[in-house]
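> starting from these lines, generate the structure:
(one chain, ligands or ions: 1)
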Amino acid sequence: MDKTIRKKGKVMEEIYETIKKVSIKIKDVLMYEDTDYTSHTNATGDTQLALDVRCDKLIEKEFSKLKCVQKIISEEKDEALHVNENGRYIIGYDPLDGSSLVDVNLSVGSIFGIYEGGIDGKNLASSVYVVFGPRVELVIAQDDVKLYRLQKDGTFGFVKNVKLNEKGKHNAPGGTQKHWSSEHKKMVDDIFKDGYRLRYSGGMVPDLHQILLKGGGLFSYPATSDVPKGKLRMVFEVFPFAFVFEKAGGKAIDGINRLLDRSPSHPHDTSPCFFGSLKEIEKVKAVYE
Ligand code: FDP
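Prediction:
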């Protein structure tokens, strides 16, 4: 094997090991620490939980130790944090996605996009997400998509490769319904009329994880009259999951264009997004194009 490929593989392993290590720490924080809100808002205007800040700090601490990391950009920070000028990768991450579900004890997650050469969709080298539910599961998308689960001995055991079917059975329609466009509403109604079942918890990580592991379906967070550019953030949420869905054999679009062809002008920019298996994305395109 080529020396550079071998080196790249080793460096990626180091990043994955760091995410595994920090995930175990986040699990403990989620289990036992207080779930109160702070008096601060993040760059997108969400009120931060003490847990958001704790998880962000834990990730910052671990990634700051890695030579291969040039900078980290967190959903919870206004500015990027420079780590090592000569580092190869930029890590864009959401330390605790779906944190509004913490107080009702539903699943939440952490999302990591590993970028090489800037935070454009096309520069994603790999992406990882972690689901904190009854169990802790971790998904790594690089050349393919692999599912791991935290075991009793504190290590993540490989479970299986994840592949989407051409057509799924589940529909996860995000956004406030009274702000949907009439076309979007009709599309969602038609999908339900086709026999799809509703699966939506309000946490992007568990909702997309469910669609992936149940073989397919559609998750959408469209442009609405209250959030005309969508709610979900490209660098920390949308691109990493677009990468996972494509590597699993599905597609991810903003309604018209491939999400991974998008370039944010600011790290906290949002985009409408649709993730699904091939048949469902065809349905979206038929409405939006
Ligand atoms: P949250 O506000 O709880 O952090 O990232 C934002 C997010 O959660 C996603 O996890 C989730 O899919 C979405 O917002 C839910 O938004 P709606 O409540 O508008 O459906």
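> where does A242 land in three-state SS?
Here A242 takes the helix state, with states given by DSSP: H, G, I helix; E, B strand; the rest coil.
> which non-adjacent residue is nearest it?
Spatially, and ignoring its direct neighbours in sequence, A242 is nearest to A252 (3.5 Å; CB to CB, 6 or more residues apart in numbering). Every residue, glycine included, has its C-beta placed from N, CA and C.
> for the helix or strand hosting the one you found, packing partners?
Taking DSSP states H and E as the criterion, A252 maps to strand 251-253. Applying 3 or more CB pairs under 8 Å, 6 or more residues apart in numbering; DSSP states H and E, one finds that strand 251-253 contacts helix 239-247, strand 273-276, helix 278-288.
> wait, V108 touches S201, no?
No: using CB atoms under 8 Å, V108 makes no contact with S201, being 9.7 Å away.
> re earlier: tell me which of the helices and strands packed on strand 251-253 sits most buried.
strand 273-276 (a mean of 29; mean count of other CB atoms under 10 Å).
> touching the ligand at all, it?
No: counting by CB under 6 Å from any ligand atom, the ligand is not contacted by strand 273-276; separation bottoms out at 9.9 Å.
> what does stretch 262-272 give?
No: Stretch 262-272 lies apart from the ligand when judged by CB under 6 Å from any ligand atom; the minimum separation is 9.6 Å.
> mind checking how far the strand holding A252 is from the chain centre?
13 Å (CA atoms, centre = their mean, to the nearest Å).
> give me the contact list for that strand.
By CB atoms under 8 Å, 6 or more residues apart in numbering, the residues outside strand 251-253 that reach it are 238, 241-242, 245-246, 258-260, 273-278, 281, 284-285.
> who's in contact with the residue lying closest to V205 once chain neighbours are set aside?
Distances taken as CB to CB, 6+ apart put G109 closest to V205, at 2.6 Å, once the chain neighbours are dropped. Going by CB under 8 Å, 6+ apart, G109 touches L96, D97, G98, Y129, V130, V131, F132, G203, M204, V205, P206, H209.
> so what's G109 bridging to?
Under DSSP bridges, the beta-bridge partners of G109 are D97, V131.
> what's around the residue in the stretch 51-200 of the chain that the ligand sits nearest to, how many residues?
When scored by CB to the nearest ligand atom, the stretch 51-200 of the chain has S100 as its residue closest to the ligand, at 3.4 Å. For S100, the number of neighbouring residues by other CB atoms under 10 Å comes to 13.
> surely it touches G202?
Yes: between S100 and G202 there is a contact at 7.1 Å, judged by CB under 8 Å.
> sec struct for the residue nearest to the spatial centre of the chain, please.
By CA atoms, centre = their mean, the chain has its centre lying nearest to E237, at 3.9 Å. In three-state terms, and counting by three-state DSSP, E237 is helix.
> so what's it up against?
E75, D94, D97, I111, M204.
> if we can go back for a sec, make a markdown table from the helices and strands packed on strand 251-253 and add mean pLDDT to it.
Converted to a markdown table, the helices and strands packed on strand 251-253 look like this (pLDDT from 0 to 100):
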| stretch | mean pLDDT |
| --- | --- |
| helix 239-247 | 98 |
| strand 273-276 | 98 |
| helix 278-288 | 97 |
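> turn these into TSV, including distance to S23.
What follows is those, written out as TSV (distance: least, CB to CB, whole Å):
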stretch	distance to S23
helix 239-247	15
strand 273-276	22
helix 278-288	30
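> my read: K163 touches V145, true?
Yes: under the criterion of CB under 8 Å, K163 makes contact with V145 at 7.4 Å.
> one step back: against the ligand, how distant is the residue nearest to the centre of the chain?
6 Å (CB to the nearest ligand atom, to the nearest Å).
> and for I256?
Relative to the ligand, I256 is positioned 21 Å away (CB to the nearest ligand atom).
> now the residue in the stretch 151-289 of the chain that the ligand sits nearest to, nearest residue through space, not along the chain?
Among all residues of the stretch 151-289 of the chain, M204 sits closest to the ligand, at 3.4 Å; criterion: CB to the nearest ligand atom. Once flanking residues are discounted, M204 sits nearest to D97: 5.5 Å by CB to CB, 6+ apart.
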